[in-house]
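Visitor: sequence first, then the predicted structure:
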Amino acid sequence: MKPKEKDLGRIVAVYGIAAIHVQRAVFMAVLSFMFFLAMMFAFYILQSALYFLLSTAFLIIYLLTMFSFVMQRKKHFEIFENGFRYKKQNVLWEEISEVDQAGTISLRDGKPITVPKTINEFDRLIAVLQAKAS
């Protein structure tokens, strides 16, 4: 049986990953895939195992970049009337004891929640959290 879900009210704002971080991941994915194709072409022409190892390394970098890109896209911070949701945690405003400028939210039960700086409009989000928590 599920524990009682906290009533956070209506959604007020959603803060996603900043575009610069998404662009960086896409750039790395495209660049590593291009190097993978270039090394596979060099392996096809020159038949050297070194080019095959290089292409394998670039393929691994590409796959890791794509995995982190997909996982990163899921991270967002939702502000509601009565609290917020980050990842799978629902927190009411009354449960917050402190919010510092580094993005660490201290809860009354002692658990910290760290908001990553990759969130779009990080400073504005921290200002909203500090205003609502006090």
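Guide: Perfect, I can see it now. Residues are numbered from 1 along each chain as shown.
Visitor: quick one: list the elements packing against whatever helix or strand residue 66 lives in.
Guide: Using DSSP states H and E, residue 66 sits within helix 49-73. Here helix 49-73 touches helix 19-46, going by 3 or more Cβ pairs under 8 Å, 6 or more residues apart in numbering; DSSP states H and E. From N, CA and C alone the C-beta is placed, and that goes for glycine too.
Visitor: list the buried residues for the helix it packs on?
Guide: For helix 19-46, burial by neighbour count (16 or more other Cβ atoms under 10 Å) applies to 21-22, 25, 28-29, 32-33, 35-36, 39-40, 42-43.
Visitor: stretch 11-21 now?
Guide: Buried-residue list, stretch 11-21, by 16+ other Cβ under 10 Å: 15, 16, 17, 18, 21.
Visitor: among these, give me the pair with the biggest separation.
Guide: Using Cβ to Cβ, the pair of the buried residues of stretch 11-21 lying farthest apart is 15 and 21, separated by 12.8 Å.
Visitor: one step back: redo the buried residues of stretch 11-21 as a markdown table? Include distance to residue 102.
Guide: Output for the buried residues of stretch 11-21, formatted as a markdown table (distance: Cβ to Cβ, whole Å):
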| residue | distance to residue 102 |
| --- | --- |
| 15 | 16 |
| 16 | 20 |
| 17 | 18 |
| 18 | 17 |
| 21 | 18 |
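Visitor: any chance of those in TSV with pLDDT and distance to residue 49 as columns?
Guide: TSV is the format used below for the buried residues of stretch 11-21 (pLDDT from 0 to 100; distance: Cβ to Cβ, whole Å):
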residue	pLDDT	distance to residue 49
15	92	48
16	89	43
17	87	39
18	87	41
21	84	36
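Visitor: which one of the residues you listed is nearest residue 115?
Guide: Looking across these and measuring by Cβ to Cβ, the closest to residue 115 is residue 15, at 8.7 Å.
Visitor: and residue 90, what does it touch?
Guide: Residue 90 makes contact with 5, 6, 8, 83, 84, according to Cβ atoms under 8 Å, 6 or more residues apart in numbering.
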